[in-house]
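J.: Quick one, fold the following:
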Amino acid sequence: MSLSQYFSPGNVAVITGASSGIGLAMSKKCALDFGMNVFCVDVDETELQTSVSSIQQQLSSSSTNKVFAIVADVSDFSAMTSSCDVVKKNGFGTVHFLFNNAATQVGGGALSDVTSFDRVVNVNGMGVIYGCMAFVPMMKDGGMDGLIVNTGSKQGITMPPGNLAYNVSKSMVKTYTEGLEHELMKERLENGGRLRSALLVPGWTNTSIALKAMRNEQGERFDIEQVFFHEAKPAKGAWMPAQVIDFLLSELSASPDNFYVICPDNDVDRVTDNIRMTWTMQDITENRPPLSRWHPDYCDKFSEYLKQSKMQM
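T.: Alright, predicted model coming up:
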């Protein structure tokens with residue numbers, strides 16, 4: 001897939017979760033490397049303004065592209081439609097690249113606090129859906145080539161126990177984006193549609209998602225030293241956000257058929273990811289208990305399956 005029709009000087013990008021992490025890395029890439037007009041969307045007004053100001057200061061004096069800050073909660077559909085209006089009011093008739101990336105890591109188990117469960121599902125899941133519903137019609141009406149990338153998670157595929165709410169929200173993103181791409185594919189084949197989508201599935205990444213969740217939950221009791229890792233305190237096994245963006249662009253450039261962008265990290269390679277995902281699907285086809293990787297009767301069997309599968313490659 002050639003990316004120049006999406007990532008070119010003067011084109012327009014809308015990026016949610018843009019104040020830090022993967023969203024900020026993509027905002028920098030679009031503004032500073034591609035010369036695009038970038039609308040950075042985030043609910044954290046203070047951090048967003050700091051990040052946008054930093055990007056603006058890095059633009060050369062001869063740059064004609066602009067970077068905008070939009071404070072909005074992606075879980076509020078009216079806020080997303082208002083964000084779309086902001087793009088239009090600034091004189092842009094379409095969006096060439098939509099990156100639905102905002103996320104939170106609060107949540108819990110099957111019977112956890114309903115407020116926390118709702119929040120993670122609404123931000124991570126409905127936030128992606130609302131982003132598409134708000135901006136994709138504008139992209140279609142614009143009649144230009146357009147790319148939508150939604151950020152999922154391996155937790156939405158293999159569903160490791162520990163934070164069911166988060167897993168549910170990221171499963172929503174996977175299912176929705178697969179259905180969206182199928183509809184866009186039909187439009188491309190039957191009606192000359194010019195939009196396509198992709199599902200970004202990062203590996204372990206040094207972002208501030210856990211830091212922000214803990215900060216919001218603990219309030220005045222929050223101690224940043226208790227956060228296991230974040231962008232300013234990177235874990236060795238995790239990628240930095242910029243690595244995720246570089247890998248995404250590389251994968252999309254490699255083939256027009258690359259929809260699933262499954263990122264490795266410094267601890268887990270793609271082969272291991274594939275084996276884990278295959279085992280997960282086989283819970284259904286082999287009639288095993290759900291999440292059998294973590295079931296006491298199947299833990300050793302999975303370990304042997306992983307070993308044998310790698311030996312056969």
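J.: who touches residue 163 in this structure?
T.: 105, 107-109, 155 (Cβ atoms under 8 Å, 6 or more residues apart in numbering). No exception for glycine: its C-beta is placed from N, CA and C like everyone else's.
J.: Centre of the chain to stretch 15-33, how far?
T.: 11 Å (Cα atoms, centre = their mean, to the nearest Å).
J.: next one: stretch 82-101
T.: 18 Å.
J.: Between the two ends of that stretch, what distance do you get?
T.: 18 Å (Cα to Cα, to the nearest Å).
J.: Would you mark the buried spots in it?
T.: 83-84, 86-87, 92, 94-101 (16 or more other Cβ atoms under 10 Å).
J.: for this structure, what's the longest helix?
T.: The single longest helix within the chain, with elements called by DSSP state H, is helix 164-191.
J.: for the stretch 201-313 of the chain, what are the low-confidence residue spans?
T.: For the stretch 201-313 of the chain, the stretches with pLDDT under 70 are 209-231.
J.: the helices in it, which residues?
T.: For the stretch 201-313 of the chain, applying DSSP state H, counting those that start in this stretch gives helices covering 209-218, 241-254, 270-285, 299-311.
J.: buried stuff in stretch 240-255?
T.: 240-241, 243-245, 247-249, 251-252.
J.: Redo the residues you listed as JSON lines? Include distance to residue 135.
T.: Putting the buried residues of stretch 240-255 into JSON lines (distance: Cβ to Cβ, whole Å) gives the following:
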{"residue": "240", "distance to residue 135": "28"}
{"residue": "241", "distance to residue 135": "22"}
{"residue": "243", "distance to residue 135": "27"}
{"residue": "244", "distance to residue 135": "22"}
{"residue": "245", "distance to residue 135": "20"}
{"residue": "247", "distance to residue 135": "24"}
{"residue": "248", "distance to residue 135": "19"}
{"residue": "249", "distance to residue 135": "20"}
{"residue": "251", "distance to residue 135": "23"}
{"residue": "252", "distance to residue 135": "19"}
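J.: Out of those residues, which comes closest to residue 144?
T.: Relative to residue 144, the closest of the buried residues of stretch 240-255 is residue 252; by Cβ to Cβ it sits at 17.2 Å.
J.: Look at residue 94 and tell me its secondary structure.
T.: Following DSSP: H, G, I helix; E, B strand; the rest coil, residue 94 is assigned to coil.
J.: just residue 107 next, same as before
T.: Under three-state DSSP, residue 107 comes out as coil.
J.: Excluding sequence neighbours, find me the nearest residue to the residue nearest in space to the middle of the chain.
T.: The centroid of the chain falls nearest to residue 151 when counting by Cα atoms, centre = their mean (1.9 Å). Nearest in space to residue 151, with sequence neighbours left out and distances taken as Cβ to Cβ, 6 or more residues apart in numbering, is residue 101 at 4.4 Å.
J.: give me the element the closest residue to residue 127 other than its chain neighbours is part of.
T.: Counting by Cβ to Cβ, 6+ apart, residue 127 lies nearest to residue 74, which is 3.3 Å off, once chain neighbours are set aside. Secondary structure assignment for residue 74, by DSSP states H and E: no helix or strand.
J.: between the helices of the stretch 201-313 of the chain, which gets nearest to residue 200?
T.: helix 241-254 (5.5 Å).
J.: roughly how far out does the closest one sit from the chain middle?
T.: For helix 241-254 - counting by Cα atoms, centre = their mean - the centre lies 13 Å from the chain centre.
J.: Output it as PDB - backbone C-alpha positions only.
T.: The C-alpha trace of helix 241-254 is given here as PDB (Å, rounded to 0.1, in the frame of the first residue of the first chain):
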ATOM      1  CA  PRO A 241       5.600   4.500  21.200                       C
ATOM      2  CA  ALA A 242       7.600   5.800  18.200                       C
ATOM      3  CA  GLN A 243       8.600   2.200  17.500                       C
ATOM      4  CA  VAL A 244       5.000   1.200  17.300                       C
ATOM      5  CA  ILE A 245       4.200   4.000  14.800                       C
ATOM      6  CA  ASP A 246       7.200   3.100  12.700                       C
ATOM      7  CA  PHE A 247       6.100  -0.600  12.600                       C
ATOM      8  CA  LEU A 248       2.600   0.400  11.700                       C
ATOM      9  CA  LEU A 249       3.700   2.400   8.800                       C
ATOM     10  CA  SER A 250       6.100  -0.300   7.600                       C
ATOM     11  CA  GLU A 251       3.400  -2.900   7.700                       C
ATOM     12  CA  LEU A 252       0.900  -0.800   5.900                       C
ATOM     13  CA  SER A 253       3.500   0.100   3.300                       C
ATOM     14  CA  ALA A 254       4.400  -3.600   2.700                       C
END
